[in-house]
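In: Build me a structure from this.
(one chain, ligands or ions: 1)
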Amino acid sequence: MKKQNDQIWDVIVIGGGVVGCAVHRKFALMGAKTLLLERGGDILSGASKANSALLHTGFDAPPESLELTCIQNGYREFMDIKDKMNLPLLQTGALVVAWSDEQLAKLPGIVEQAHRNGVMDVELIDKEEVYRREPKLAAGALAAVSVPGEAVMDPWSSPLAYLTQAVKHGAAYQFHCEVESGALEQGMWVLQTKKGEFRARLVINCAGINGDIVESICHPSPFQIKPRKGQFLIYDKAAAEDINAIILPVPTAITKGVLLTKTIFGNLLLGPTAEEQDDRWKAEVKQEVLEDLIRQGSKMLPSLYNYTVTATYAGLRPATEEKHYRIADYPEKQWICVGGIRSTGLTSALGVAQHIASLYLQNFSPLFEFNPPQEIIWPQMPVLSEYHQRDYQHEHNGGIVCHCELVTRREIEAVFDSDIPPECLGGLCRRTRAMMGRCNGFFCSNKVAEIINDRFENTLAVEVLK
Ligand SMILES: Cc1cc2nc3c(=O)[nH]c(=O)nc-3n(C[C@H](O)[C@H](O)[C@H](O)COP(=O)(O)OP(=O)(O)OC[C@H]3O[C@@H](n4cnc5c(N)ncnc54)[C@H](O)[C@@H]3O)c2cc1C
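Out: Reported below is the predicted structural model:
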């Protein structure tokens, strides 16, 4: 078989965040020969590894924007494919709760915008209905907007499903493969990476938090990434029973504010903040910020004080100096930029991929021939959702290794036997939830180390320190 470096690819996608995985899938299903190059040791090494994991309806997106179109197309396609690939969804709905007269006055406008955006089941509910649905909310709620279509996703298995489906249709990928430079030479992009040279007729920049740096390989970047950090707290599983819907604040002009939601893994999530920073990779949590988050969360749900925080994390939104998505195509340069997918990309990724495919079909003279598959393959993803059947409930699973998250030996081994084994410890944790529970790996890391012994280039100890 030809080495990936020796081939001429129809499309190279730079970046394996949720957007890159969805774009890669789209072109692979259309029948292009596609390669994805990812800097990290697994997919989701940037913004996509740390978000709120909500599937949005677009009720509050800017009307008539490309973002709204992509959110709604992405939502529809996700609903269409989720059962075919075993992707769990928790259909909780959301409530935008008003706690002051000023916020109360904004609720009709939120309903109006939702209807204008085509989300017609959004409605105003009164105080009595709020407490009937959410009896544990703090006193003082005045009314709410109900958004039945908002839902909770598994933020990791969905992008992995997109990449797996692409690979099942002949697409390829490389991890630990940062694109460092490149040049368009006689109608062919030659990209220089940590793993040598790769060639393609079309390059699609999906580098998220590095979007502007990668864009400058083609031309001076028309935008600058301004990372916007969001810090989160995860509460122990018992806390998730204290709410039913996603509890959203009334947004201000500056921020969408702090929300409360169940996670698909059965915890309760509180966050995020919105803090601008320069560093593109360091997503630290700060004690004083977390304490403030706890204060804000407990004002909405006083019972939070009864529960233990079991984890904290932060994610970096690939924001730019403008609010809208920075998508642009350059036919003469054989390049498409998918930048600035700031805060709705988990939902919109499949819709963004549809949009990129139509940009290519409409605006480019054909750079290659599509060879569409005869039949579409639907890979089955492992289910880690607390609200669905899990592997530990089935026989011959090799026993439970991580008792906090009930991860079996068979689940851990299956990751390494899958089409796309992770090449870093973070990837293994995200794909199995091993070491991600309340003990943070204190009890199971030894056992996990035994199982994964010699699967990574480094020992587990070195991986942890990286
Ligand atoms: C706090 C927070 C909360 C959010 N909540 C939600 C939500 O509830 N619902 C929702 O729909 N969206 C949400 N989002 C938004 C969503 O997470 C992002 O829009 C999405 O992850 C952006 O994906 P991306 O693929 O564009 O970028 P990224 O995930 O950053 O992916 C880019 C990838 O490119 C790789 N890369 C970078 N440079 C190179 C290079 N030179 N060579 C090769 N690879 C490279 C990176 O390693 C990375 O893996 C949230 C985001 C944050 C941060």
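
In: Could you use CA atoms for every contact and neighbour count after this?
Out: Noted.

In: Do you have the helices of the stretch 251-400 of the chain handy? List them.
Out: 287-300, 345-363 (DSSP state H, counting those that start in this stretch).

In: For the ligand, find the nearest of the ones you listed.
Out: For the helices of the stretch 251-400 of the chain, distance to the ligand was read as C-alpha to the nearest ligand atom. The smallest value, 3.1 Å, belongs to helix 345-363.

In: Can you list the buried residues in the closest one?
Out: Residues of helix 345-363 classed as buried: 345-356, 359-360 (neighbour count, 16 or more other C-alpha atoms under 10 Å).

In: if we can go back for a sec, I'd like the helices of the stretch 251-400 of the chain written out as CSV, with distance to the ligand and mean pLDDT added.
Out: Shown next, in CSV, are the helices of the stretch 251-400 of the chain (distance: least, C-alpha to the nearest ligand atom, whole Å; pLDDT from 0 to 100):
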stretch, distance to the ligand, mean pLDDT
helix 287-300, 13, 97
helix 345-363, 3, 98
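
In: Turn the ones you listed into JSON lines, including distance to residue 13.
Out: Formatted as JSON lines, the helices of the stretch 251-400 of the chain follow (distance: least, C-alpha to C-alpha, whole Å):
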{"stretch": "helix 287-300", "distance to residue 13": "36"}
{"stretch": "helix 345-363", "distance to residue 13": "11"}
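
In: Tell me which of those approaches residue 271 most closely.
Out: Among the helices of the stretch 251-400 of the chain, helix 287-300 comes nearest to residue 271, with 6.8 Å by C-alpha to C-alpha.

In: how about that closest one: buried residues?
Out: Those buried within helix 287-300 under the rule 16+ other C-alpha under 10 Å are 290, 293, 294, 296, 297, 298, 299, 300.

In: which residues does the last one contact?
Out: For residue 300, the residues meeting the contact criterion (C-alpha atoms under 8 Å, 6 or more residues apart in numbering) are 137, 138.

In: what does the stretch 1-150 of the chain put close to the ligand?
Out: 14-20, 37-40, 43-48, 50-55 (C-alpha under 6 Å from any ligand atom).

In: try 5 Å
Out: The interface of the stretch 1-150 of the chain toward the ligand, taken as C-alpha under 5 Å from any ligand atom, is made up of 15-19, 38-39, 44-48, 51-54.

In: swap in the stretch 151-300 of the chain?
Out: Counting by C-alpha under 5 Å from any ligand atom, the residues of the stretch 151-300 of the chain near the ligand are 178, 179, 207, 208, 209, 210, 230.

In: any chance of those residues in CSV, with neighbour count and secondary structure too?
Out: Shown next, in CSV, are those (neighbours: other C-alpha atoms under 10 Å; DSSP: H, G, I helix; E, B strand; the rest coil):
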residue, neighbour count, secondary structure
178, 21, coil
179, 22, strand
207, 30, coil
208, 32, helix
209, 31, helix
210, 21, helix
230, 23, strand
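
In: Relative to residue 286, which of these is nearest.
Out: Once C-alpha to C-alpha is applied, the member of these that ends up nearest residue 286 is residue 230, at 11.0 Å.

In: What ranges in this structure fall below the confidence cut-off?
Out: 1-2, 454, 456-466 (pLDDT under 70).

In: show me what contacts the closest residue to residue 299 other than its chain neighbours?
Out: Spatially, and ignoring its direct neighbours in sequence, residue 299 is nearest to residue 138 (6.5 Å; C-alpha to C-alpha, 6 or more residues apart in numbering). The neighbours of residue 138, taking C-alpha under 8 Å, 6+ apart as the test, are 299, 300, 301, 302.

In: With residue 24 instead?
Out: Contact analysis of residue 24 by C-alpha under 8 Å, 6+ apart lists 13, 34, 35, 36, 162, 163, 166, 171.

In: between those residues, which is nearest residue 453?
Out: residue 163 (25.8 Å).

In: Surely that closest one forms part of a helix?
Out: Yes. Counting by DSSP: H, G, I helix; E, B strand; the rest coil, residue 163 falls inside a helix.

In: State the number of residues packed around it.
Out: A total of 29 residues lie near residue 163 under the criterion other C-alpha atoms under 10 Å.

In: Pretty sure it sits against residue 21.
Out: Yes. Contact criterion C-alpha atoms under 8 Å: residue 163 and residue 21 qualify, at 5.2 Å.

In: Show me the contact partners of the helix or strand containing residue 450.
Out: Per DSSP states H and E: residue 450 is located in helix 445-452. Residues from elsewhere that reach helix 445-452 (C-alpha under 8 Å, 6+ apart): 401, 409, 412, 413, 434, 435, 460.

In: Could you identify which of the residues you listed has the most neighbours?
Out: Going by other C-alpha under 10 Å, residue 434 tops these with 26 neighbours.

In: Skipping adjacent residues, who's closest to that residue in space?
Out: residue 402 (5.5 Å).

In: Contact partners for the closest residue to residue 74 other than its chain neighbours?
Out: Nearest in space to residue 74, with sequence neighbours left out and distances taken as C-alpha to C-alpha, 6+ apart, is residue 351 at 3.9 Å. By C-alpha under 8 Å, 6+ apart, residue 351 lies in contact with 69, 70, 71, 72, 73, 74, 75, 77.

In: and stretch 201-218, how far apart are its ends?
Out: One end of stretch 201-218 to the other measures 13 Å (C-alpha to C-alpha, to the nearest Å).

In: Give me the nearest residue to residue 99, chain neighbours excluded.
Out: residue 141 (4.8 Å).

In: Please disregard the earlier target; I meant residue 177.
Out: residue 39 (4.7 Å).

In: again with residue 338
Out: Residue 338 sits nearest to residue 327 (C-alpha to C-alpha, 6+ apart), 4.6 Å away.

In: The one you found and residue 362: what is the separation?
Out: Taken as C-alpha to C-alpha, the span from residue 327 to residue 362 is 15 Å.

In: ok, the residue of the chain positioned farthest from its centre to residue 334 distance?
Out: Using C-alpha atoms, centre = their mean, the residue of the chain lying farthest from its centre is residue 186. It sits 36.3 Å away. From residue 186 across to residue 334, the span is 11 Å (C-alpha to C-alpha).
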